[in-house]
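Enquirer: fold the following.
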Amino acid sequence: MVDLFDTAPEAPEMDAQRPLADRLRPRTLSEVIGQEQVIGPDAPLGMMLDAGSLSSLILWGPPGVGKTTIARLLADETDLAFVQISAIFTGIADLKKVFESAKIRRQNGKGTLLFVDEIHRFNKAQQDGFLPHMEDGTIVLVGATTENPSFELNSALLSRSQVLVLNRLTLADLERLAQRAEKELDRALPLTGEAREAMLEMADGDGRALLNLIEQVMAWKGDKKLDVEALSTRLMRRAAIYDKSGDEHYNLISALHKSVRGSDPDAALYWMARMLTGGEDPRYLARRITRMAVEDIGLADPQAHAVCLHAWETYERLGSPEGELALAQAVTYLAMAPKSNAAYVGFKAAMAAAKKTGSEPPPKHILNAPTSMMKDQGYGDGYAYDHDAEDGFSGQNYFPDSMKHGVYYQPVERGFERELKKRLDYFAKLRAKRQGG
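Expert: Numbering: from 1, shown residues only. This is a model prediction of the structure:
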């Protein structure tokens, strides 16, 4: 979704000097490309406009998908004054002036739609400053952010707003935009079919970036259509969106982790490559894949943990880019390894039991008795030394006397844990036999 419309320009000579994105600015929501899940008749904005009641909004999405455009059009559709500020350049004093102007406007019978770009960059105090003016109807707030609002915005602000998620433009959306640009410029793009598709991919879902690319291509001299190689030589691919401390960082590591857990080595390698090409620190990846080994493979393949540690050590010795291959091999190994979170689940259950039972002491028969007084108290009395048992297993109770024997670790029938399950079942039968006797 971007700024575009189909009507012919009123002043061709002046219009030709305006940026293409400005010339193709939509005049109604129906002219917006993409984001039907937000602006359609049965979508949130469509329902609000139909009911004649617009609430404060947070528009969350990547760059170039039309957040500013939607805000402008909402102001037009609801007959509100449109005021735009950026959190990057606006301070407390500026906000006070904006609010005072909105109050005067309201007294004169005109409401205000305040569009705040990069709203997540405001600190807590600044965000709190919007609340009274939202509550008394002085402003309808429409904030735009590329970051996850649940992490970056105050809960009080979120509770008074509806969050709408805008998606990156699809290739089909970008193609529609390219066609509108060709109509506006009255000229077809001088590209082969494959080169045209490559240009759309270069935009990486950003409509504004695509229009900038189109302007560059249209400015080139010559009538011959360019192929992919010629296009790539003249244009640089748009850098992938990736902020090592932002929302996309967590999205991609989640995709990598779940691909490993889902035993898909190809997807795991792809997401790892996406993170590395985005500038991620390989040491962060080394730490996270080691976590995957202990969390999702566990004792189903005890070697997986060692594979990750050795890959980490190899990276430290070789550095980039050679050391990254060791990390890639570790990721591939994890994806193909048998999976079990039995130890992870068992540990969480044991932690919950430990918190619940508080300070219950161990049974006296497994306590050491280094002094005569402790022996008199029964410490160590009746302890059965397991190595003295015929099969090396005494079957004694090791839980507090007031507790039932807990069952926390339940191995799965996969990988090495299949053998551990056999051992556990064997010990359980012996324990029942010994304690029963």
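
Enquirer: number of residues surrounding the closest residue to P361 other than its chain neighbours?
Expert: Nearest non-adjacent residue to P361, counting by CB to CB, 6 or more residues apart in numbering: P400, 6.3 Å away. Every C-beta, even on glycine, is put in place using the N, C-alpha and C of the backbone. Using other CB atoms under 10 Å, the number of residues around P400 comes to 13.

Enquirer: wait, doesn't P400 sit right on H365?
Expert: No: at 11.9 Å, P400 does not count as touching H365 under the criterion of CB atoms under 8 Å.

Enquirer: returning to what we had before: secondary structure class for the residue nearest to P361?
Expert: Assigned with DSSP: H, G, I helix; E, B strand; the rest coil, P400 falls in the coil class.

Enquirer: that one and P370, how far apart?
Expert: Distance of P400 to P370, computed by CB to CB, to the nearest Å: 21 Å.

Enquirer: and T170, by the same measure?
Expert: The gap separating T170 from P370 is 73 Å, by CB to CB.

Enquirer: so between those two, which is more surrounded?
Expert: Taking neighbours as other CB under 10 Å, T170 and P370 compare with T170 leading, 13 against 9.

Enquirer: against E36, how distant is that one?
Expert: To E36, T170 is 11 Å away according to CB to CB.

Enquirer: can you check I58 too?
Expert: As judged by CB to CB, I58 and E36 stand 19 Å apart.

Enquirer: more neighbours, these two?
Expert: Counted by other CB under 10 Å, I58 and E36 do not tie: I58 has more neighbours, with 24 against 14.

Enquirer: ok, that one - contacts?
Expert: I119, V142, G143, A144, T145, P149, L153, L158, S161, Q162, V163, L164 (CB atoms under 8 Å, 6 or more residues apart in numbering).

Enquirer: what helix or strand is the last one on?
Expert: L164 is part of strand 162-165 when elements are defined by DSSP states H and E.

Enquirer: tell me the helix or strand right after that strand.
Expert: Taking DSSP H and E as the definition, the helix or strand right after strand 162-165 is helix 171-185.

Enquirer: for the very next helix or strand once past that following helix, name the packing helices and strands.
Expert: Counting by DSSP H and E, the next helix or strand C-terminal to helix 171-185 is helix 193-203. Applying 3 or more CB pairs under 8 Å, 6 or more residues apart in numbering; DSSP states H and E, one finds that helix 193-203 contacts helix 171-185, helix 207-219, helix 228-234.

Enquirer: and helix 193-203, how far out from the chain middle?
Expert: Mean-position distance between helix 193-203 and its chain equals 27 Å (CA atoms, centre = their mean, to the nearest Å).

Enquirer: secondary structure element holding the spatially most central residue of the chain?
Expert: Residue closest to the mean C-alpha point of the chain, counted by CA atoms, centre = their mean, is N251 at 2.7 Å. Per DSSP H and E: N251 is located in helix 247-261.

Enquirer: equivalent analysis for L59, please.
Expert: strand 57-60.

Enquirer: C-terminal to that strand, what's the next element?
Expert: Counting by DSSP H and E, the next helix or strand C-terminal to strand 57-60 is helix 67-78.

Enquirer: listing partners with orientation, what would you give for the helix or strand just after that following helix?
Expert: Toward the C-terminus, helix 67-78 is succeeded by strand 81-86 as the next helix or strand (DSSP H and E). Applying DSSP bridges to the sheet, strand 81-86 is found paired with strand 112-117 (parallel).

Enquirer: C-alpha coordinates for the partner strand, CSV please?
Expert: These are the backbone C-alpha positions of strand 112-117, laid out as CSV (Å, rounded to 0.1, in the frame of the first residue of the first chain):
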residue,chain,number,x,y,z
THR,A,112,-8.1,16.6,14.9
LEU,A,113,-6.5,13.4,13.6
LEU,A,114,-2.9,13.5,15.0
PHE,A,115,-0.6,11.2,13.0
VAL,A,116,2.6,10.4,14.9
ASP,A,117,5.3,8.7,12.8
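
Enquirer: just checking: what are the partner strands of the strand holding L59?
Expert: Neighbouring strands of strand 57-60 in its sheet, by DSSP bridges, are strand 140-145 (parallel), strand 162-165 (parallel).

Enquirer: which residues make contact with the shortest one from outside it?
Expert: Surrounding strand 162-165, the residues in contact under the criterion CB under 8 Å, 6+ apart are Q37, V38, P44, L45, S55, S56, L57, I58, L59, W60, G61, P149.
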